[in-house]
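Turn this into a model:
(chains A and B)
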Amino acid sequence: AQSVSQHNHHVILSEAASLELGCNYSYGGTVNLFWYVQYPGQHLQLLLKYFSGDPLVKGIKGFEAEFIKSKFSFNLRKPSVQWSDTAEYFCAAVTNSGGYQKVTFGIGTKLQVIP
Amino acid sequence: SAVISQKPSRDICQRGTSLTIQCQVDSQVTMMFWYRQQPGQSLTLIATANQGSEATYESGFVIDKFPISRPNLTFSTLTVSNMSPEDSSIYLCSVRPGNTEAFFGQGTRLTVV
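Residues are numbered from 1 along each chain as shown, chains lettered A, B, ... in the order given. Prediction:
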């Protein structure tokens, strides 16, 4: 069965530190990939998405992610985090199976940025 | 894009009772999705609701426990039946207009006592 794995469940960084959150998916077919963010008390919001084309995707708030097909990975990066980036981050994949589309989420990574 | 309204935003319920969660979308969509997010865990898809047909349930979820209605293209309900403390979770409604990204409601935080 398809799955999405996030390796870092809880990350603590100081402001201005660089961020990289790992995401791997287990599906060999066409896959659409997403990163979502959930700020405390708020609903899930889309950070960025990859459907096709340039594997380096830029999203909102200075985030970017790189799709590496050979590694089944879609890691999220930000060169310099801010206290306001404290949130939970979810990697997700949409896969097609017999014409039925399904969105599978990773377990999430809680990011805490210390001022 | 899509704006989703979910009601109630939270509830505390007695075990053995049922709760119906409503999801209203500001545009017509073919499919609506219901997820559960248990404490410390990821979002798990419960079922996919198509208008005019029975919902499709994921492994581990059954219609008797989570009956779903989809009376039109902008509305759906999920009922959590015969609740137990293990059903305490956040329940989320989601849509993917144009099969792009998923949009989510604020969620319903359910506590079963």
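
Show me which residues of chain A sit near chain B.
Listed as neighbours of chain B in chain A under the rule Cβ under 8 Å from any Cβ of the partner chain: A:34, A:36, A:42-44, A:46, A:49, A:51, A:90, A:92, A:94, A:100-108. The way it works is simple: take the backbone N, C-alpha and C, and place the C-beta from them, glycine included.

give the contact list for residue 44.
Picked chain A for this. By Cβ atoms under 8 Å, 6 or more residues apart in numbering or on different chains, A:Leu44 lies in contact with A:Tyr36, A:Val37, A:Gln38, A:Phe90, B:Leu92, B:Ala102, B:Phe104.

think we crossed wires, I meant chain B
By Cβ under 8 Å, 6+ apart, the residues touching B:Thr44 are A:Phe105, B:Tyr35, B:Arg36, B:Gln37, B:Gln38, B:Glu58.

which bits of chain B sit near chain A?
B:33, B:41-45, B:48, B:56, B:92, B:94, B:96, B:99-107.

Can you say which of the residues you listed are buried?
Neighbour-count burial (16 or more other Cβ atoms under 10 Å in any protein chain shown) applied to the residues of chain B next to chain A gives B:33, B:42-45, B:48, B:56, B:92, B:94, B:96, B:101-107.

So the residue nearest to A:Ile12 when sequence neighbours are not counted, which state does it fall into?
By the measure of Cβ to Cβ, 6 or more residues apart in numbering or on different chains, the closest residue to A:Ile12 outside its immediate chain neighbours is A:Gln112, 4.8 Å from it. Local secondary structure at A:Gln112 is given as strand here, using DSSP: H, G, I helix; E, B strand; the rest coil.

how much space is there between the spatially most central residue of chain B and chain A?
Centroid-nearest residue in chain B: B:Trp34, 3.5 Å away (criterion: Cα atoms, centre = their mean). Noted for B:Trp34: a distance of 12 Å to chain A, by Cβ to the nearest Cβ, to the nearest Å.

elements contacting the one helix or strand that residue maps to?
Secondary-structure assignment from DSSP states H and E places B:Trp34 in strand B:31-37. Contact partners of strand B:31-37 among helices and strands, from 3 or more Cβ pairs under 8 Å, 6 or more residues apart in numbering or on different chains; DSSP states H and E: strand B:19-25, strand B:43-50, strand B:75-80, strand B:89-95.

Near the nearest residue to A:Ile114 once chain neighbours are set aside, how many other residues are there?
In space, not counting the residues next to it along the chain, A:Ile114 is nearest to A:Ser14; the distance is 5.2 Å by Cβ to Cβ, 6+ apart. With neighbours defined by other Cβ atoms under 10 Å in any protein chain shown, the count for A:Ser14 comes to 10.
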